[in-house]
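[1] The amino acid sequence is not available; the structure is as follows:
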Ligand SMILES: [Zn+2]
């Protein structure tokens, strides 16, 4: 019996990424959903922030010291939330770009594709589970 091993070995070459088209599509859906969620959250936060500023402008005349202090804190919190959301949205966008480039979802440690199930839970994961626990063992 002759088994043509070159055909079998060459089988994976159809996708340059080492993933099936279905898997890539699945990851794309996960990342898009995440991006859209973050985008919606960001827009909500922007609207909230604008409301805060309008209230502030309306109130400014009668403010005492303590009042304007708590408003500053509130505004700082809102601003830092905006930054966080913007940053996370950018991460999702970069992940999508890297997915199109075929560089997203590979382990930094062993260069194997990170399982889709893991990416669904941790879209920003850069290592597979075993490399991650190896790293933590070394670090700890
Ligand atoms: Zn790994």
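    In hand now; what should we look at? From a predicted model like this one, the values you see are computed outputs, not experimental measurements. Residues are numbered from 1 along each chain as shown.

[2] ok, now which ones touch the residue nearest to the spatial centre of the chain?
    Closest residue to the average C-alpha location of the chain: residue 92 at 3.8 Å, with Cα atoms, centre = their mean. Applying Cβ atoms under 8 Å, 6 or more residues apart in numbering, we find residue 92 in contact with 31, 34-35, 38, 123. No exception for glycine: its C-beta is placed from N, CA and C like everyone else's.

[3] how close does it get to residue 26?
    Note on residue 92: its distance to residue 26, by Cβ to Cβ, to the nearest Å, is 16 Å.

[4] on that earlier part again, flag whichever of the contacts of residue 92 scores worst on pLDDT.
    Among the contacts of residue 92, residue 123 carries the lowest pLDDT, at 89.

[5] what's the pLDDT at residue 18?
    On pLDDT, residue 18 comes in at 77.

[6] Hmm, residue 114 and it touching each other?
    No: using Cβ atoms under 8 Å as the test, residue 18 is too far from residue 114 to be in contact (11.1 Å).

[7] Which of the two has more residues huddled nearby?
    Neighbours were counted for residue 18 and for residue 114 using other Cβ atoms under 10 Å; residue 114 has more, 23 against 14.
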